[in-house]
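[1] return a 3D structure for these sequence lines:
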Amino acid sequence: MYKTGLGSNESEGFINWARKYDANSFTAEGTKRTERIISWIEKQIDSVENLTMLDVGAASGIFSIPFSKRGAKVTSLEPSSLLSSMLYRNAEDHGVMINIVNQSFEDFNPADHQDYDFVFASMCPAMSDWNAIKKGLNLANKYFYVSLSAGPNENLLVEELLSELKIEAPNILTSDMFYILQLLYLNNYTYQSLIERHQKTVEMTLEEVIDSLEVWFSNYNISLTEVQKADSIDYLRNKYGQKVAVTTGGKFGKVLVHL
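    Residues are numbered from 1 along each chain as shown. This next block holds a predicted model:
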């Protein structure tokens, strides 16, 4: 989240993102994505029933809740007070009991907590280096799951605007997943991994797109000038009107480590 230009979890950009993320988490599309990931895990380990789980960067419960419904004993670690409150509400709405810890992974002290059968971290910004990965591995007794980007973010609307504005985007290499895989291999861990490409298209209002432009361009390491932003808005308004289809995606990798 913080890597994508959303700022601190008290910023307006983060608050808007959190509300949209929560609203989409339990839709048909959101549930389908969650089930796809959990099904892949269950093919490797059969079941999460009765496992003690730590969900790192749990957000509003997109994984904590379905894991709990499958019989896992879930502790959800989430640094944002807003997302933690959403998680409390969602857990109540879904009739599950979850231990919610409103704390960052960086501040989470393993000495103060039990070990977990399964530590799970899906697209979590805290899993940004090998030290964080090792901390997750050390907290887990049986399994450790992490997913990360395996390539640059893709936004077809931004790429359309780059062409219109005649801006050449820098070549962005995202090597986090490959770095982690190499270190797991060199440290003699046993694991399964999968890298996939995914895209999704959502319809947004023109105002929502305008509010997102600076964050989207920052994903391409580009800071828009006021003139470029104004030109982008004029282009979007003239071409699309008040509704804009936005296609985003990229390559994503997931790893399940057996301990």
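[2] for this protein, just list every one of the strands.
    52-56, 73-77, 99-101, 116-122, 140-149, 154-155, 190-205, 243-258 (DSSP state E).
[3] Val158 versus Glu164, what's the distance?
    Note on Glu164: its distance to Val158, by CB to CB, to the nearest Å, is 11 Å. For every residue, glycine as well, the C-beta is placed using N, CA and C.
[4] of those two, which one has the most company?
    Val158 (22 against 13; other CB atoms under 10 Å).
[5] do you know the pLDDT at the nearest residue to that one once chain neighbours are set aside?
    Closest residue to Val158 apart from its sequence neighbours, by CB to CB, 6 or more residues apart in numbering: Trp216 at 4.9 Å. We have a pLDDT of 89 for Trp216.
[6] cool, and the one 4 residues further on?
    We have a pLDDT of 86 for Tyr220.
[7] over to Met1?
    Looking at Met1, the pLDDT reads 37.
[8] show me where pLDDT drops low in the stretch 51-200 of the chain?
    Applying pLDDT under 70 to the stretch 51-200 of the chain flags the ranges 171-175.
[9] now do 90
    109-115, 125-126, 128-129, 148-154, 168-179, 197-200 (pLDDT under 90).
[10] and the residue nearest to Leu181 when sequence neighbours are not counted, how many residues sit next to it?
    Distance criterion CB to CB, 6+ apart; nearest residue to Leu181, sequence neighbours excluded, is Ser193 at 6.1 Å. Using other CB under 10 Å, Ser193 has 17 neighbouring residues.
[11] tell me the contacts of Ser193?
    Applying CB atoms under 8 Å, 6 or more residues apart in numbering, we find Ser193 in contact with 181, 253-256.
[12] distance of it from Glu154?
    Taking CB to CB, one finds Ser193 at 21 Å from Glu154.
[13] so what's Asn90 up against?
    22, 25-26, 60-61, 65.
[14] same question for Leu162.
    Leu162 neighbours (CB under 8 Å, 6+ apart): 168-169, 220, 222.
[15] the residue lying closest to Asp115 once chain neighbours are set aside and Val48, how far apart?
    In space, and not counting its chain neighbours, Asp115 is closest to Asn141: 5.2 Å by CB to CB, 6+ apart. Going from Asn141 to Val48 by CB to CB gives 13 Å.
[16] of the two, which one has the most company?
    Val48 (23 against 15).
[17] before we move on, the earlier item: between the strands of the chain, which one is closest to Thr34.
    strand 116-122 (9.1 Å; CB to CB).
[18] got a list of contacts for the closest one?
    Against strand 116-122 from outside (CB under 8 Å, 6+ apart): 37, 48, 51-57, 63, 67, 72, 75, 105, 127, 136-137, 139-147, 254.
[19] mind doing that once more with 6 Å?
    Residues outside strand 116-122 that contact it (CB atoms under 6 Å, 6 or more residues apart in numbering) are 51-56, 63, 127, 136, 139-147.
[20] so in that sheet, which strands flank it, and in what orientation?
    Partner strands for strand 116-122, per DSSP bridges, with pairing direction: strand 52-56 (parallel), strand 140-149 (parallel).
[21] what's the spacing between stretch 45-60 and its chain's center?
    16 Å (CA atoms, centre = their mean, to the nearest Å).
[22] so Ser147 makes contact with Asp176?
    No. Between Ser147 and Asp176 there is no contact under CB atoms under 6 Å: 10.3 Å.
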